[in-house]
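Colleague: A predicted structure for the sequence below; I have some questions about it.
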Amino acid sequence: DAGVIQSPRHEVTEMGQEVTLRCKPISGHNSLFWYRQTMMRGLELLIYFNNNVPIDDSGMPEDRFSAKMPNASFSTLKIQPSEPRDSAVYFCASRDRGTYNEQFFGPGTRLTVL
Amino acid sequence: DAKTTQPNSMESNEEEPVHLPCNHSTISGTDYIHWYRQLPSQGPEYVIHGLTSNVNNRMASLAIAEDRKSSTLILHRATLRDAAVYYCIPSGGATNKLIFGTGTLLAVQP
């Protein structure tokens, strides 16, 4: 298996632009997580899905952030409009239904908002 | 969520054992203790987890105190590739969310 796939790996954009981050979980996994990592705040859980349904979005910073999971093999995290303080590394992780909480992380997307 | 206390940093020599401590005095009775690590410029990766008994796998061993208020991750022979930030995370219940703290930055000297 290729593991969790994220795209793009790097994104540089200007303030005010829309940004879409993409994630393909490991096939067969039924839970998907989006995290954000910055030097100041560390690794934060933004939202997670179970069977494509958002279960907990309490970590989403504000309305500019939205996440979707239209099917079991794809999820997006969208920021609109983007701001410089959104600059961070965004990780996606997936988890198998039969594995107690072993999450598999993707390589991350490094986002820079100028 | 249970709070954890880990040393900010530790150093080890290559091929020597490393004991990484974690205090989690507010852990609930049903929380498992998870350890993840994050190598430079990579996403976190699972290391090991346990509930009450000590656990071993190919990567490490986990020693859990009898009162479950602390645990120790043991790397039996540190290699340069083990240099990473190690996170101790109590988690469980219906959601099994992982809440990452600041972790311990392990440096391994050749």
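Modeller: Nice, thanks for sending it over.

Colleague: Name the nearest residue to the residue nearest to the spatial centre of chain A, sequence neighbours excluded.
Modeller: The C-alpha lying nearest the average C-alpha coordinate of chain A belongs to residue A:34 (Cα atoms, centre = their mean; 3.3 Å). Counting by Cβ to Cβ, 6 or more residues apart in numbering or on different chains, the nearest residue to residue A:34 once its immediate chain neighbours are dropped is residue A:46, at 4.4 Å. Glycine gets a C-beta too; all of them are placed from N, C-alpha and C.

Colleague: Who does the strand or helix carrying the one you found pair with, and is each partner parallel or antiparallel?
Modeller: Per DSSP states H and E: residue A:46 is located in strand A:42-50. Within its sheet, strand A:42-50 is paired with strand A:29-38 (antiparallel), strand A:53-56 (antiparallel), according to DSSP bridges.

Colleague: mind checking how far that strand is from the chain centre?
Modeller: Distance of strand A:42-50 from the chain centroid (Cα atoms, centre = their mean, to the nearest Å) equals 7 Å.

Colleague: Same question for stretch A:105-114.
Modeller: Distance, centroid of stretch A:105-114 to centroid of chain: 9 Å (Cα atoms, centre = their mean).

Colleague: so what's the residue nearest to residue A:34 up against?
Modeller: By Cβ atoms under 8 Å, 6 or more residues apart in numbering or on different chains, the residues touching residue A:46 are A:34, A:35, A:36, A:57, A:59, A:60, A:61, A:65, A:67, A:77.

Colleague: for the strand holding residue A:46, which positions count as buried?
Modeller: Residues of strand A:42-50 classed as buried: A:43, A:44, A:45, A:46, A:47, A:48, A:49, A:50 (neighbour count, 16 or more other Cβ atoms under 10 Å in any protein chain shown).

Colleague: Determine which two of those residues are furthest apart.
Modeller: The largest separation in the buried residues of strand A:42-50, counting by Cβ to Cβ, is between A:43 and A:50 at 20.3 Å.

Colleague: before we move on, back to that, most tightly surrounded among the strands paired with strand A:42-50?
Modeller: Compared across the strands paired with strand A:42-50, strand A:29-38 shows the largest average neighbour count, a mean of 21 (mean count of other Cβ atoms under 10 Å in any protein chain shown).

Colleague: give me the low-pLDDT residue ranges for chain B?
Modeller: B:1, B:93-95 (pLDDT under 70).

Colleague: Up against chain A, what does it have?
Modeller: Contacts of chain B with chain A, taken as Cβ under 8 Å from any Cβ of the partner chain, map to B:32, B:34, B:36, B:38, B:42-46, B:49, B:87, B:91-92, B:95-102.
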